[in-house]
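1. Kindly generate the corresponding structure for this input.
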Amino acid sequence: VFDWYTKSPQKDWSAELYKSIKGLEDAQKAAEKKKEEARVTGTSPSLALEKYAGTYKDDMYGEAKIVLTGGKLVATYGSAFTGDLEHWHYNTFRTTWRDRGIGKGFITFTINDDGKVGEMKIENLTTFKRGPDPADMSAGIKMSEDALARFAGKYAMTAPPIEVSLEVIGGQLKAM
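-> Below is the predicted model:
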């Protein structure tokens, strides 16, 4: 239809597009093979996996997060990018994006002089700087469940009207 409309000689557009797509697929396979050959086997991450977890920020791209779930790292960036990380070599992880159309990629972490993760680079996107670690919310004093039970109960305040119930759950005092 395009050829007829433009009064051009007929062309097998399907074959032309197939050649282009095939060329791109072949180039992608060659690039993947080159990365496989460059992989250094027998390495392990510099830090325990939970040390890579955190919030990373970039002025242009916003926030990206790494969380440890079920013993594995998961990356999220925006609403479209969620990927499962597997150790590749050193501090580089291969990401299998859950949206199969995106495919696979690499995330490389940079360790600072203080031995902590300072940056995360998502291949073909940008480098995100690590945000501050969240405050430690763990209890400052360890107590037995019997000792904690002394504080369990309902507490109320009249101005402003607030009611809180404290319960011992899993060896910790929880506010409900």
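2. ranges for the helices of this structure?
-> 2-6, 13-38, 145-149 (DSSP state H).
3. Could you look over those and pick the most buried one?
-> Ranked by mean neighbour count, these are led by helix 145-149 with a mean of 13 (mean count of other CB atoms under 10 Å). Backbone N, C-alpha and C define where each C-beta goes, glycine included.
4. So the residue most central in space within the chain versus E86, what's the distance?
-> Nearest to the geometric centre of the chain sits A75, at 1.2 Å (CA atoms, centre = their mean). To E86, A75 is 11 Å away according to CB to CB, to the nearest Å.
5. re the thing from before, the residue nearest to the centre of the chain - nearest residue in space that isn't next to it in sequence?
-> Counting by CB to CB, 6 or more residues apart in numbering, A75 lies nearest to G83, which is 4.7 Å off, once chain neighbours are set aside.
6. thought the one you found was touching G103?
-> No - G83 is beyond contact range of G103, at 10.0 Å (criterion: CB atoms under 8 Å).
7. The closest residue to Y77 other than its chain neighbours and A75: what is the separation?
-> Spatial nearest neighbour of Y77, excluding adjacent residues (CB to CB, 6+ apart): A64 at 4.1 Å. Counting by CB to CB, the gap from A64 to A75 is 7 Å.
8. Common neighbours of these two, please.
-> Any residue near both A64 and A75 by CB atoms under 8 Å, 6 or more residues apart in numbering counts here, and that gives I122.
9. Run through this protein and note the low-pLDDT ranges.
-> Counting by pLDDT under 70, the low-confidence segments of the chain come to 134, 136-140.
10. Identify whichever of the helices of the chain lies nearest to G115.
-> When the helices of the chain are compared by CB to CB, helix 13-38 sits nearest G115, at 26.2 Å.
11. Of the helices of the chain, which is nearest P161?
-> Closest to P161 of the helices of the chain, according to CB to CB: helix 145-149, at 26.3 Å.
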